[in-house]
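A.B. asks: Any chance you could fold what I've pasted below:
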Amino acid sequence: MSIPAIALCLWGAGALVAIGLEHSVRSYTLSACFSGIAGPGLIGFQQYCGTFRASIAGARFSAWIGGIVAVFVLWILLIEIGGSLRGNSMDPRDWIWVSVTTVIVLVAAASSRLNYLRWQQLLDAQKQGIPVGKSLKFSLVEIMGIMLAMGVVFGGASFAVHR
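C.D. replies: The predicted model follows:
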């Protein structure tokens, strides 16, 4: 479940960067690009650290933020469905939006639950005296993965803006 959550974070980062690049106002571009990298980018990085680098802080952060994102997006989804039903009709395009948003809620909720279990597992291991967490150094493969993720974000944003 970590891989889909990280992919969803990369997609969110790319979407925010695309929104920023689409507008010509420089301050808006900078803030959207920064929030795209600092928001979903940070969440994806913490998800990676909590899952693959056995970081207690990363697992705790990912558990909390995944739950918050799931509740917030579910709240937006329910408001949108309520507004559409009040109009007594839902356009077929609305159902696509509802289904995509439902998938986002399910991935965030499942990821949050699994990160919570990972966090508890790492805490138990630490109490038993088992060394937890890798060193702070990144391997060459991890650095290449980070560069690939940034390339996907910026490439997807560039494609979305220039089509």
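
A.B. asks: quick one: low-confidence parts of the protein?
C.D. replies: 1-2, 16, 19-37, 87-89, 134-136, 160-163 (pLDDT under 70).

A.B. asks: pull the longest helix from it.
C.D. replies: helix 92-127 (DSSP state H).

A.B. asks: Tell me the buried residues in it?
C.D. replies: Buried residues in helix 92-127, counting neighbours by 16 or more other Cβ atoms under 10 Å, are found at 101, 104-105, 107-109, 111-112, 114-116, 118-119, 122. Yep, even glycine has a C-beta here, placed from its N, CA and C like the rest.

A.B. asks: same question, stretch 131-144
C.D. replies: Using 16+ other Cβ under 10 Å as the test for burial, stretch 131-144 gives Val132.

A.B. asks: what's the answer for stretch 46-65, then?
C.D. replies: In stretch 46-65, counting by 16+ other Cβ under 10 Å, buried: 46-51, 54-56, 58-63, 65.

A.B. asks: can you check stretch 71-90 too?
C.D. replies: Those would be 73-74, 77, 84, for stretch 71-90 by 16+ other Cβ under 10 Å.

A.B. asks: just the helices in the protein please.
C.D. replies: Under DSSP H, the chain gives helices at 2-22, 26-36, 42-52, 56-86, 92-127, 140-162.

A.B. asks: so who does Phe138 touch?
C.D. replies: Contact partners of Phe138, counting by Cβ atoms under 8 Å, 6 or more residues apart in numbering, are Ile146.

A.B. asks: what separates Met144 from Ser62, distance-wise?
C.D. replies: Distance, Met144 to Ser62, by Cβ to Cβ, to the nearest Å: 22 Å.

A.B. asks: Equivalent analysis for Ile146, please.
C.D. replies: Taken as Cβ to Cβ, the span from Ile146 to Ser62 is 17 Å.
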